[in-house]
Structures are given as C-alpha cells and as structure tokens.
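Trainee: Curious how this folds, go ahead:
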Amino acid sequence: MSDFIQSYQELEVYQLAFRCSTQIFQLSREFPAEERILLTRQSLTASRSVCSSIAEAWGKRRYHKAFVAKLSDAQAEAAEMQTWVQFAVTCGYLTPEVGQELFGQYRTIFAALERLMENAAVWLKPLE
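Mentor: Purely as a prediction, here's the structure:
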C-alpha cells in the first residue's frame, strides 16, 4: 500500500486538510475586523497546522513513535478546528450549512488520521 504513495501530498487526508485550510482562509476574509487577532488567526493557524503536522509525520516515518506523535498533533489540530468552526457559526460569521460541512470534513480528517495511526507500521520507512 505505502509503495504507491511517494509523498505526503498524495495522501487523501492531506489533500482534504489542504482544501479545508484554503476554504477557511477564503471564508475568514469575511470575518469582522475585531476577530482578526483571535478567531481568524487561530483558525488559520490550526487549519494549516493540520497540514504541516501531516507533512512532519511523513518526514518522521523512520520512527514509529515520532510518526504517530505528529499524526496525533494533526488530529488535535483538526479537533481544535471543529471548535473554531462552532464559534464562527455561533457568532454568525459562517452559515450553519457551511459550518456543518466544515465540521464534517474535520471529522473525516480526524478519523483518517486515526486509521493512519492504527496502521502506522504499514507507512514506516525502513532504516537503511
């Protein structure tokens, strides 16, 4: 299975996380100015951290614990994003429909990362 994937960018979970982060960026441009420091900055940081943590995990595939730890970090950031989405909907910055879509996408990301962690041995790169 892992023989067919040459880089983290090919992982479906990374691609979904990247699309979500781009969508968050576009949507956050409409948030009010008073939210730029907190909600906008935090949601952009968390959404991008999902992607960067997956990339870091890929780079640490020689070491099982390090690989799983970085995937766990990505999972934590995905859960954080669900919270920021809830705040944005509650404050009226996102429609409930858009919020539900994003919340569901981050649920999918969370679950996909869980499967990667459960099957970490398949993805490990052997020491040479």
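
Trainee: which strands and helices sit next to the longest helix along the chain?
Mentor: Secondary structure of the chain read by DSSP state H shows that its longest helix is helix 64-90. Under the contact definition 3 or more Cβ pairs under 8 Å, 6 or more residues apart in numbering; DSSP states H and E, helix 64-90 sits against helix 12-28, helix 41-59, helix 96-118, helix 120-123. Any C-beta I mention is one placed from the backbone N, CA and C, and that applies to glycine too.

Trainee: try 6 Å
Mentor: Contacts defined by 3 or more Cβ pairs under 6 Å, 6 or more residues apart in numbering; DSSP states H and E place helix 64-90 against helix 41-59, helix 96-118, helix 120-123.

Trainee: Would you convert those helices into CSV that also reports distance to residue 77 and mean pLDDT?
Mentor: Converted to CSV, these look like this (distance: least, Cβ to Cβ, whole Å; pLDDT from 0 to 100):
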stretch, distance to residue 77, mean pLDDT
helix 41-59, 4, 97
helix 96-118, 9, 98
helix 120-123, 18, 92
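
Trainee: just to revisit the earlier point, tell me what angle the longest helix of the chain forms with helix 41-59.
Mentor: Counting by axes from the mean of the first three to the mean of the last three Cα atoms, to 10 degrees, helix 64-90 lies at 160 degrees to helix 41-59.
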